[in-house]
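Participant: Sequence and predicted structure below; questions after.
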Protein chains: 4
Amino acid sequence: MSVKRYRVGVLGATGMVGQRMLALLENHPWFEVTALAASEQSAGKSYREAAHWNLDTPMPEIFAGTTVRRCEPPLDCDFVLSGLDNSVAGGIEEAFAAAGYPVISNAKNHRMESDVPLLIPEVNPEHLAAIRVQQEKRGWKKGFIVTNPNCSTVGLVCALKPLADAFGLKKVLVTTLQAISGAGYPGVPSLDILDNVIPHIGGEEEKLQSETLKLLGSHGAEGFRNAAVTVSAHCNRVHVRDGHLECVSVEFEHAAQAEEVLRAWRDFTPAVAKHKLPSVPVPFIVYREEQNRPQPRVDRATGNGMAITVGRLRACPVLQHKFVLLSHNTVRGAAGAAIADAELLAAEGLL
Amino acid sequence: MSVKRYRVGVLGATGMVGQRMLALLENHPWFEVTALAASEQSAGKSYREAAHWNLDTPMPEIFAGTTVRRCEPPLDCDFVLSGLDNSVAGGIEEAFAAAGYPVISNAKNHRMESDVPLLIPEVNPEHLAAIRVQQEKRGWKKGFIVTNPNCSTVGLVCALKPLADAFGLKKVLVTTLQAISGAGYPGVPSLDILDNVIPHIGGEEEKLQSETLKLLGSHGAEGFRNAAVTVSAHCNRVHVRDGHLECVSVEFEHAAQAEEVLRAWRDFTPAVAKHKLPSVPVPFIVYREEQNRPQPRVDRATGNGMAITVGRLRACPVLQHKFVLLSHNTVRGAAGAAIADAELLAAEGLL
Amino acid sequence: MSVKRYRVGVLGATGMVGQRMLALLENHPWFEVTALAASEQSAGKSYREAAHWNLDTPMPEIFAGTTVRRCEPPLDCDFVLSGLDNSVAGGIEEAFAAAGYPVISNAKNHRMESDVPLLIPEVNPEHLAAIRVQQEKRGWKKGFIVTNPNCSTVGLVCALKPLADAFGLKKVLVTTLQAISGAGYPGVPSLDILDNVIPHIGGEEEKLQSETLKLLGSHGAEGFRNAAVTVSAHCNRVHVRDGHLECVSVEFEHAAQAEEVLRAWRDFTPAVAKHKLPSVPVPFIVYREEQNRPQPRVDRATGNGMAITVGRLRACPVLQHKFVLLSHNTVRGAAGAAIADAELLAAEGLL
Amino acid sequence: MSVKRYRVGVLGATGMVGQRMLALLENHPWFEVTALAASEQSAGKSYREAAHWNLDTPMPEIFAGTTVRRCEPPLDCDFVLSGLDNSVAGGIEEAFAAAGYPVISNAKNHRMESDVPLLIPEVNPEHLAAIRVQQEKRGWKKGFIVTNPNCSTVGLVCALKPLADAFGLKKVLVTTLQAISGAGYPGVPSLDILDNVIPHIGGEEEKLQSETLKLLGSHGAEGFRNAAVTVSAHCNRVHVRDGHLECVSVEFEHAAQAEEVLRAWRDFTPAVAKHKLPSVPVPFIVYREEQNRPQPRVDRATGNGMAITVGRLRACPVLQHKFVLLSHNTVRGAAGAAIADAELLAAEGLL
């Protein structure tokens, strides 16, 4: 697999998520970026001109001179990754799918639709079975839409998956401390967040409470069935650049000792491990023993930003256990999530 | 009551809490500061020399030239406020109480003792009955010790008190986002907190989980009885100067509608309102209607830093209701808390 | 003068500068706000609805219900303060002046015009003589335009004024560390400034280099004459909310000892002191002896934000002296500057 | 040179500079770390226990289990890198040199001594001739001391070197905006720097003003001769983790056009380029064309943190040219500086 076998188009290539996608794809072993697309006002410019680059690593030189295209099919590529904003993603992604392109999207628009997989490769690869249903229902031959979850949902669900498998989940109460990059660029004004916390992120609690059920649920003849877990979320924006931290309390169906919980995390091997997907880290979940970890700045790069760091497992007097988790919101929670989805599609022969 | 009737000594006057005490006492209508005491290395210096002042308001000129004393009785005052560090507070406070001084302490050392009131004037003024028990037990004639709670406990308990009275409390799950000033000075190194969150504060979760029970409990012939509520806490340090924000989920004994919860907060009048204590704000609890409030920088000064700001009341799928609260950790949660306690003691004729 | 004698209209009332104006005018002894005006999209709404309030103090209740007007004459007021953005200020301010309103503007549009006073009451009150020239030239009977300087210019010129008077100024080299509030709201994205410095502020160096010459220059029959001083500026945006800090090196015409420089600052009494203008602080310039002052968070509120704090005077090996100054950019450098200008106009009988 | 030929001991291995040294040496092509030494209280512990690791990259596993030694000879190594604090570095470094170890030190203690090279490989490699003088004078046979400059001096001198060679330097006026990591750990308290600037760093201005003269000066039979340039510095601490930004105004002996200045930077090839030292970046100086660069967070990693980034060259009305420079203070300005010095010593056969 050392030859780059797939040509990728990136929709929304100039935005925060698009930038992360390009940074992650620069040296990808399977995928080669062959098309960049963005809004009307970027179309026709070089990527260097069109993008306000704001990652800490420099803009990859190989993309700087590329001419940005409009977000319309056809594009010169085998499939598209969409980092488009919700305000426009819906229709554009459907147009590409209808035109025969597999679309892997970070936008929320199609996530909760009854025929669209909401996919984390390590968590619910069996949901890809919905693609055939989708194509039949919508009359699409080759194209389809697969989505990755909201940035704060990914970390939570990844940490819960081994526990759900081992003990069954009944209740989850989560409070998030989310990074500013999750709001895109320009995003959060510095005057709002310096020496401050904003205890509200529009729509975020709802996404955490609904997406988690779909991701941990099943897919069968009758379609998606939600997991029988109750989730409650408090979402906060804090003065951190990258890395969503989440404080979680859980109650299981089958009571477990702390040592069993640790073992469930330690021993969890995703079903997709067999594919050796380039973006799926080993280990997938890292437990830190230090009493003051995980921390966003220190742990967000674990597993190239794709691992979930967990720590501080202890008894919860109200539910059963509590712990802290961290995931990189623009890598594991957005750009890297979409790329990992694409890798699984490639490995399964669906691209 | 316009004449300053009581002479105050401040123990630990050079520390963060001591500084706040002095700032709040500068123009206090009842209390006049007549003695400043601190550690060996400060004793004998002028306050200006001894204190590394780090409030945003300037050091009050009236204290700058005062010579700092050792923390030993006698001091020239009617009672003492203690902003001492836990590492030394225990013995020093006992020595002052034994020497006949009423001691109002912000330190944790004596809070949970069976004969020491842990006092929030608006919440549990009836706990002052324990003073007589304490004096008898310890053989103290005039002196005694009263304590105020930990900074993150105060906000939580104040917001819960009207709900406990109205509906009964069964379960509380709280996640805190606490300010750096809570760790004193020098406290949190900037290298640890810039672009970061620290998901651990030593002993804090334990204090929240135990102090809350004592504060909301009763005092009778048999001593203190804990409230029958279960509390679970996650504590985090965030990049905010002042103001602890807390995300709270609650379950009541008697189910209530959101409107009833709002009314319980709105209509709550503390029993001590009759005393018109200078540091007890009216209103005591402020509910913000905006969906992104309270916020630390914006709301911490509400009621001169002594009010509790609450917001975002909504249904909690796991427990029953969830909301956000904010309190000023070094005012309402420390220095102002001790001063309010002293005011109640004064009003009750106990100084 | 205890009766409020003048009715004020505020143009651009919903912006950052307009908000500061209202906060400062809430309890002003001479001026009463009788009209609020802003852009089309705000007009017709209540001020509470129209303004995204982001000062740390709450929105003054007395303005919350006021209906916001369009920025067109007539307005129900005796004069207008303009906190308008440069992109629209020029024409609107002229329209008000032509309609007979004295206009005191914080915008840059008219500052450098040959018949418009660029005014700091403590520095160049004699420049008000240009008003008559302006009215004659433009055919305005009652109305006129007076401007206050750019936020980083004010602090520099105020600190230099006593030195210019005493020793003559030849060369000034200044490096600024400017607060984010200087960029308005939403202004600087948090992603740009967290853990960062931006060493460029569009047009700022040019304003410092040109406005300083006009402010320290003279006004006579031939109009304005620039001061014969050379100024060079480096401007930076730093992660501070309010307060512009400036590192200054100076060379005088007549060499002076450090003690003489300190005395020049200490002994400086502005000519306008006789008017006892409400917003002109006494002392006007505060020298801090501590070796690590002034600091933005600690010193910006000095003199209600209207004093200039200076410190660290020491020899400059390249020029002659160097020092550090601090001024509050949205008070002394913008809203308060315009109000102080209006006060001087009132005291001089020009309103 | 692919075999690791030299065994390195690191003094002060648990401090901020020592940690950076280890991070940079983990995969060094020439040097293998064979000894870690630190203070009494660390000696005997494993490095994992002894060090409060606070880089963003994880502690290299290969050092975690190493037992920390006392800072006394003998150590099992060919030479030592010293990241010791000034308070202890002086005597310890002399003891190692006397015992026959080449010592490359980041501490200030010996920098300005008349027989000790203050070395930047790209700037003044000829100063190594002083080693022989030092050994003769002090009676040391094999051992010697070489130092690297202060963190804010390195960036300034590197940017000035090509200009000094091309045009001669007369005057330099520099204002620094320095990162908190320059103060070590725990270093700057977060309460001091949040929403603030500290316009003073003890001894820093003096170091910039004196070290620059030695570094740009010559070494001959009569010893070191200072460069004939006058330097004036203003030093500030800002809220940035890593990366010192400096605003510089310069006057040359021979006037130059901007284009010539740019060419001098672009065309500069250090004499040591022939050695292909692993830590000397190519290019050594990077000029950014964007008008708002360099910026600490964005540019500090340029050239693995060893390149100097320069930007905003423009005319200075007071001197001749002005520009902005950035260097990574704990890499190029400390740990990497010492390692580069060691590489030059190795390449010159002096280890």
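Facilitator: Ah, there it is.
Participant: just so I have it, where are all the helices in chain A?
Facilitator: Using DSSP state H, the helices assigned to chain A run over residues A:16-25, A:47-50, A:61-64, A:86-98, A:130-138, A:151-167, A:190-193, A:204-215, A:258-267, A:296-299, A:336-347.
Participant: For A:Arg48, which non-adjacent residue is closest in space?
Facilitator: A:Ala64 (4.2 Å; Cβ to Cβ, 6 or more residues apart in numbering or on different chains). Where you see a C-beta, it was placed from the backbone N, CA and C, and this is true even at glycine.
Participant: Equivalent analysis for A:Leu84, please.
Facilitator: According to Cβ to Cβ, 6+ apart, the nearest residue to A:Leu84 is A:Gly12 (3.9 Å).
Participant: quick one: the one you found and A:Ser82 touch, right?
Facilitator: Yes. Assessed by Cβ atoms under 8 Å, A:Gly12 is found in contact with A:Ser82 at 6.2 Å.
Participant: can you give me how far stretch A:4-17 is from the chain middle?
Facilitator: Stretch A:4-17 sits 15 Å away from the centroid of its parent chain (Cα atoms, centre = their mean, to the nearest Å).
Participant: Quick one: end-to-end length of that stretch, please.
Facilitator: Terminal residues of stretch A:4-17 are spaced 22 Å apart (Cα to Cα, to the nearest Å).
Participant: Looking at the stretch 1-150 of chain A, which residue is nearest chain B?
Facilitator: Chain B sits closest to A:Asp56 of the stretch 1-150 of chain A, with a gap of 11.0 Å, by Cβ to the nearest Cβ.
Participant: ok, that residue - contacts?
Facilitator: D:Arg297, D:Val298, D:Ala301 (Cβ atoms under 8 Å, 6 or more residues apart in numbering or on different chains).
Participant: Quick one: neighbours of A:Ser87, just the number.
Facilitator: A:Ser87 is flanked by 8 other residues according to other Cβ atoms under 10 Å in any protein chain shown.
Participant: again, but for A:Gly223
Facilitator: 12.
Participant: go on, the one 10 residues further on?
Facilitator: Other residues near A:Ala233 come to 27 when the count uses other Cβ under 10 Å.
Participant: contacting residues around the residue nearest to A:Arg48?
Facilitator: A:Ser46, A:Tyr47, A:Arg48.
Participant: Looking at the contacts of A:Asp56, state which has the most neighbours.
Facilitator: Going by other Cβ under 10 Å, D:Val298 tops the contacts of A:Asp56 with 25 neighbours.
Participant: Read off the pLDDT value for the closest residue to it other than its chain neighbours.
Facilitator: Spatial nearest neighbour of D:Val298, excluding adjacent residues (Cβ to Cβ, 6+ apart): A:Asp56 at 6.5 Å. The model reports A:Asp56 with a pLDDT of 83.
Participant: can you check A:Ser2 too?
Facilitator: Predicted confidence (pLDDT) for A:Ser2: 48.
Participant: doesn't A:Arg312 make contact with A:Val291?
Facilitator: Not quite, residue A:291 is Gln, not Val. Yes. Using Cβ under 8 Å, A:Gln291 is in contact with A:Arg312, at 6.7 Å.
Participant: okay, the two: which has more neighbours?
Facilitator: A:Arg312 (22 against 11).
Participant: you'd agree that one is up against B:Glu205?
Facilitator: No. Applying Cβ under 8 Å, one finds A:Arg312 not in contact with B:Glu205, separated by 9.8 Å.
Participant: returning to that earlier point: of the contacts of A:Ala64 - the most surrounded one?
Facilitator: A:Tyr47 (24 neighbours).
Participant: how close does that residue get to A:Ala37?
Facilitator: The spacing between A:Tyr47 and A:Ala37, counted by Cβ to Cβ, to the nearest Å, is 11 Å.
Participant: what sits in contact with each of those two?
Facilitator: Common neighbours of A:Tyr47 and A:Ala37 (Cβ under 8 Å, 6+ apart) are A:Ala13, A:Val68.
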